[in-house]
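K.L.:
sequence-free structure coming up:
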């Protein structure tokens, strides 16, 4: 009986030491919190987002859209004596290019084009 109890004592001692070592190792582990993601305040333009912003900008500035061809990226409209042309094009590098032009007698509304651009930028979060 003496021999088996000493083996039992050794087994218990090993178990206690193993637990102590494991607890020490776990306690020594460093846990790093994931760094918060960096968010751009303005989402990159997609064709759909730019198209919607361009149509909305026309609406915001009282332009009546007379034709809109999404597949060609072309919006045509009128505001009084002014003709408005907005083109939304996806470029080869994936970026979206928006062009806003208005033609008419400047004496009637000299800032229409600037207001359309500002309305577009507002809708894009810029």
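P.N.:
Received it, and whenever you're ready, just let me know what you need. Please read all numbers here as calculations on a predicted model, not as lab measurements. Numbering: from 1, shown residues only.

K.L.:
quick one, helices of this protein?
P.N.:
Secondary structure of the chain by DSSP state H: the helices cover 2-28, 47-60, 112-123.

K.L.:
Show the average pLDDT along the second one.
P.N.:
It refers to helix 47-60. Averaging pLDDT along helix 47-60 gives 95.

K.L.:
Who are the packing partners of that helix?
P.N.:
strand 64-69, strand 74-79, strand 82-90, strand 96-103, helix 112-123 (3 or more CB pairs under 8 Å, 6 or more residues apart in numbering; DSSP states H and E). From N, CA and C alone the C-beta is placed, and that goes for glycine too.

K.L.:
What residues of that helix count as buried?
P.N.:
Using 16 or more other CB atoms under 10 Å as the test for burial, helix 47-60 gives 49, 50, 51, 53, 54, 55, 57, 58, 60.

K.L.:
Outline the domain layout of the protein.
P.N.:
With domains defined by automatic domain parsing, the chain comprises 1-31, 47-123.

K.L.:
most tightly surrounded among those domains?
P.N.:
Mean neighbour count (mean count of other CB atoms under 10 Å) peaks for domain 47-123 among those, with a mean of 16.

K.L.:
For that one, measure first residue to last.
P.N.:
End-to-end distance for domain 47-123, by CA to CA, to the nearest Å: 14 Å.

K.L.:
re the thing from before, with distance to residue 75 added, can I get the buried residues of helix 47-60 in JSON lines?
P.N.:
Listed next are the buried residues of helix 47-60 as JSON lines, based on distance: CB to CB, whole Å:
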{"residue": "49", "distance to residue 75": "15"}
{"residue": "50", "distance to residue 75": "11"}
{"residue": "51", "distance to residue 75": "8"}
{"residue": "53", "distance to residue 75": "11"}
{"residue": "54", "distance to residue 75": "6"}
{"residue": "55", "distance to residue 75": "6"}
{"residue": "57", "distance to residue 75": "9"}
{"residue": "58", "distance to residue 75": "6"}
{"residue": "60", "distance to residue 75": "13"}
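
K.L.:
For the residue nearest to residue 81 when sequence neighbours are not counted, give me phi and psi.
P.N.:
What sits nearest to residue 81 in space, not counting adjacent residues and going by CB to CB, 6 or more residues apart in numbering, is residue 104, at 4.7 Å. Backbone geometry at residue 104, expressed as degrees, to the nearest 10, gives phi 170, psi -180.
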